[in-house]
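Student: Pasting the sequence and the predicted coordinates here, then a few questions.
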Amino acid sequence: MGKTQKVITSVSLPPDLVKSLDVVAKQRRLTRSQLIEHLCAESLDRQRVVAAAFADPVVVDSFTRAFAEPGMLRRLAAAMSEDLSDEQLELFTRAVEEASHGVAGVIKRSSSKRKNK
C-alpha cells in the first residue's frame, strides 16, 4: 500500500497559535504539520457528525427546547458531577454555550437546506 500524496498549502497563523501548536506537537511527538493535519481531520469529522445529527428536525427541536430553558446548562453540569466547584461549573457552562453557538450555525444551515428543497 503506497503513501497518500499530500498537497502542500500555506496558512497564515498568529504567532501565539503557532507556539501553542508547537508545544502540543512536541508533547505528542508529532511534527507541526502532522498535528495540524490531525486537528483538521478531527474537526471535520465532528462537523460531519453534528451536521448529520442536526439534519433531523426532531433533533433540532429537542436541542432547541432543551437549551432554551433557563438554567438547563447548570442543571446538566450539576447532574454530571456534584463535585464541581463554582468555578468549574462556570467553565463547563461557558464551554457548552460556546459549543451550542457552533451547533446553532449548523442548525441554521440545515434548516435553510430543508426549506430550499
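Tutor: Okay, I see it.

Student: Model confidence at the closest residue to residue 31 other than its chain neighbours, what's the number?
Tutor: Nearest non-adjacent residue to residue 31, counting by CB to CB, 6 or more residues apart in numbering: residue 25, 6.4 Å away. Placement of C-beta: from N, CA and C, glycine included. pLDDT for residue 25: 96.

Student: same deal with residue 100?
Tutor: pLDDT, read off for residue 100, is 63.

Student: same question, residue 52
Tutor: Looking at residue 52, its pLDDT is 78.

Student: Which element, helix or strand, includes residue 21?
Tutor: Element membership for residue 21, per DSSP states H and E: helix 15-28.

Student: Need the contact partners of that helix.
Tutor: Helix 15-28 is contacted from outside by 13, 31, 32, 34, 35, 36, using CB atoms under 8 Å, 6 or more residues apart in numbering.

Student: Show me what the very next helix or strand once past it is packed up against.
Tutor: Using DSSP H and E, the helix or strand that follows helix 15-28 towards the C-terminus is helix 32-53. Using 3 or more CB pairs under 8 Å, 6 or more residues apart in numbering; DSSP states H and E as the contact test, the elements touching helix 32-53 are helix 15-28, helix 86-116.

Student: where does this structure dip in pLDDT?
Tutor: Across the chain, the ranges flagged by pLDDT under 70 are 1-2, 67-70, 73-74, 77-78, 80-84, 89, 92-117.

Student: Domain map for it?
Tutor: Split into domains by automatic domain parsing, the chain comes to 13-53, 56-117.

Student: quick revisit: now the contacts of helix 15-28: which count as buried?
Tutor: Neighbour counting with 16 or more other CB atoms under 10 Å marks 35, 36 as buried within those.

Student: Including distance to residue 71, could the contacts of helix 15-28 go into CSV?
Tutor: As requested, the contacts of helix 15-28 are exported to CSV (distance: CB to CB, whole Å):
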residue, distance to residue 71
13, 38
31, 45
32, 42
34, 42
35, 38
36, 39
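
Student: Thanks again, I'm all set now.
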